[in-house]
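A.B. asks: Next one to model:
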Amino acid sequence: MGQFPTLMGRGSKSLSFNRPTLQRPVFILHKQLDIMANARKPDNVHKLNGTYQKHRHGDPGSKPEWDEGSPEIPKCLKGEARKEWKRIVKIVPEGVLTITDKTILTQYCALWAELAADPANFETGQHTQLRLILQELGFTPISRSKIGGKPKDDKASGFQSSPK
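C.D. replies: Presented below is the predicted three-dimensional model:
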């Protein structure tokens, strides 16, 4: 036999490890299940969906008041980014975007312009960032289903409406 003892070898001592026992339960989340709570919908989204209930959504005096109205297009956006800004503001339902969303909408438009200009050199990190911004703004099918509402103008989206 070698100079190192085996864990359960014949004729040798078995090694035991003293591990402290856990005093609290351990919860293991499986990646496949994606168990996460849904993000809270803003009150203006509940009002758009017709699901706003005063007793559920708290005292309006205890919540901060956000400036209403659509954000103004920043001067730093040029070309394709500026066109995308105008397209998005036109098709997003009234009351979803506010003045406070100007920064994230600017980021989205700038990334969109980069992707449109040179899709081959659009890096993985930029794709991830763009996808996360799209989800945050409610521009993906799943995130849009959580917000509800209808676009202002079907023609502005660039897609034909399906025949009924």
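
A.B. asks: what are the C-alpha coordinates of stretch 107-119, in CSV please?
C.D. replies: Extracted C-alpha coordinates of stretch 107-119, given in CSV (Å, rounded to 0.1, in the frame of the first residue of the first chain):
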residue,chain,number,x,y,z
GLN,A,107,-29.6,54.0,-23.9
TYR,A,108,-32.0,51.7,-25.9
CYS,A,109,-32.0,54.1,-28.9
ALA,A,110,-28.2,54.4,-28.9
LEU,A,111,-27.8,50.6,-28.8
TRP,A,112,-30.4,50.1,-31.5
ALA,A,113,-28.5,52.5,-33.7
GLU,A,114,-25.3,50.6,-33.2
LEU,A,115,-26.9,47.3,-34.0
ALA,A,116,-28.6,48.8,-37.1
ALA,A,117,-25.3,50.4,-38.3
ASP,A,118,-23.1,47.3,-38.0
PRO,A,119,-24.8,44.1,-36.8
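
A.B. asks: tell me the mean pLDDT over it?
C.D. replies: In this model, stretch 107-119 has a mean pLDDT of 95.

A.B. asks: In that stretch, which residues are buried?
C.D. replies: 108, 109, 110, 111, 112, 113, 114 (16 or more other C-beta atoms under 10 Å). Where C-beta positions appear, they are placed from N, C-alpha and C, glycine not excepted.

A.B. asks: Same question for stretch 125-141.
C.D. replies: Counting neighbours by 16+ other C-beta under 10 Å, stretch 125-141 gives 130, 133, 134, 137, 138, 139 as buried.

A.B. asks: Tell me the spacing between the fifth one and residue 131.
C.D. replies: Which is residue 138. 13 Å (C-beta to C-beta, to the nearest Å).
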